[in-house]
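> when you get a sec, could you give me coordinates for this:
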Amino acid sequence: MSNIQLKFEMIVRKIAFVKADLQYHKVEHSRRRQIFYDDLQEYVKNRKFEFSEEKMKKNLIDVYERKKLIPVPDISKQNKKIFRQIAAITHPDKVKNELKKDSFLKAREAIENDDWFSLYQMGFDLGVELPDPTAEQIAWMEQEVEKLEVMINKVVSTIEWIYCNEGSNKDHLLTSYCMATCTLENE
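Below is the predicted model of the structure:
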């Protein structure tokens, strides 16, 4: 296996890990957000604060906003070739194996959705010989890893995440949040 292939495989696997890590953080963030907002409603109810839609919109940041990347290199020919190689060893008419049938269906979905990442990952997992990537593809993938890691860092920096950390000063965080997003009654 060439050096570029080894680097490419490493980056594909790193993207898979970071995507899984982001998925964990999204689910955990949703759980923490629910806890925070439940506690916030109780906090506001017992104080002289009112929610201000205007202040909330002004101060909210979308941590899942996707930063624009350099354009994806045109790899549609490579994708089709990889799909054909995967299909050759997983197609239900050729192989009577439920796991391989599932792989074929996932590969077909990936090619239909132009999901190059899933095709490459399946190719690695199935031992399909993949074409050498270009320097542009490697750069794009490294940028994808960086973008996903930035998103995770934004998630763990949210007030909802910090609020649920062990030892956090919950009262201080609720007060700070209310000062930024609420108004005092009779204001």
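
> quick check: closest non-adjacent residue to residue 174.
Counting by CB to CB, 6 or more residues apart in numbering, residue 174 lies nearest to residue 43, which is 4.6 Å off, once chain neighbours are set aside. All C-beta spots, glycine's among them, are computed from the backbone N, C-alpha and C.

> helices and strands around the helix or strand hosting the one you found, which ones?
Under the criterion of DSSP states H and E, residue 43 resides in helix 3-45. Contact partners of helix 3-45 among helices and strands, from 3 or more CB pairs under 8 Å, 6 or more residues apart in numbering; DSSP states H and E: strand 49-51, helix 116-126, helix 135-155, helix 159-163, helix 170-181.

> pLDDT averaged over the second one, what's the number?
What that stands for is helix 116-126. Average pLDDT, helix 116-126: 84.

> got the angle for it vs helix 135-155?
Helix 116-126 and helix 135-155 are oriented at 100 degrees to each other (axes from the mean of the first three to the mean of the last three CA atoms, to 10 degrees).

> can you tell me what sits against stretch 5-21?
1, 117, 120-121, 124, 130, 132-133, 137-138, 141-142, 144-145, 148-149, 152 (CB atoms under 8 Å, 6 or more residues apart in numbering).

> mind checking which of those are buried?
Buried subset of those (neighbour count, 16 or more other CB atoms under 10 Å): 120, 121, 130, 133, 137, 141, 144, 148, 152.

> what about residue 95, which SS state?
At residue 95 the chain is in coil, as set by DSSP: H, G, I helix; E, B strand; the rest coil.

> what residues are up against it?
By CB under 8 Å, 6+ apart, the contact list for residue 95 reads 89, 101.

> for it, what are phi and psi?
Here is the backbone geometry of residue 95 (degrees, to the nearest 10): phi -130, psi 130.

> how about stretch 159-166: buried residues?
Result for stretch 159-166 [16+ other CB under 10 Å]: buried residues 159, 160, 161, 163, 164.

> please report how far the last one lies from residue 45.
Here the distance between residue 164 and residue 45 works out to 20 Å (CB to CB, to the nearest Å).

> neighbours around residue 101, how many?
Residues near residue 101, counting by other CB atoms under 10 Å, number 15.

> now it: which helix or strand?
Here residue 101 is assigned to helix 98-112, by DSSP H and E.

> quick one: contacts of that helix?
79-80, 83, 86-87, 89-92, 95, 115-116, 118-119, 122, 126.

> repeat the analysis, applying 10 Å as the threshold.
With CB atoms under 10 Å, 6 or more residues apart in numbering as the contact definition, helix 98-112 has outside contacts at 76, 79-80, 82-95, 97, 115-123, 125-126, 128.

> just name the shakiest helix or strand of the chain by mean pLDDT.
Ranked by mean pLDDT, DSSP states H and E, the helix or strand of the chain with the weakest confidence is helix 53-59, at a mean of 63.

> which residue ranges make up the domains of the chain?
Using automatic domain parsing, the domains assigned to the chain come out as 1-72+134-187, 74-131.
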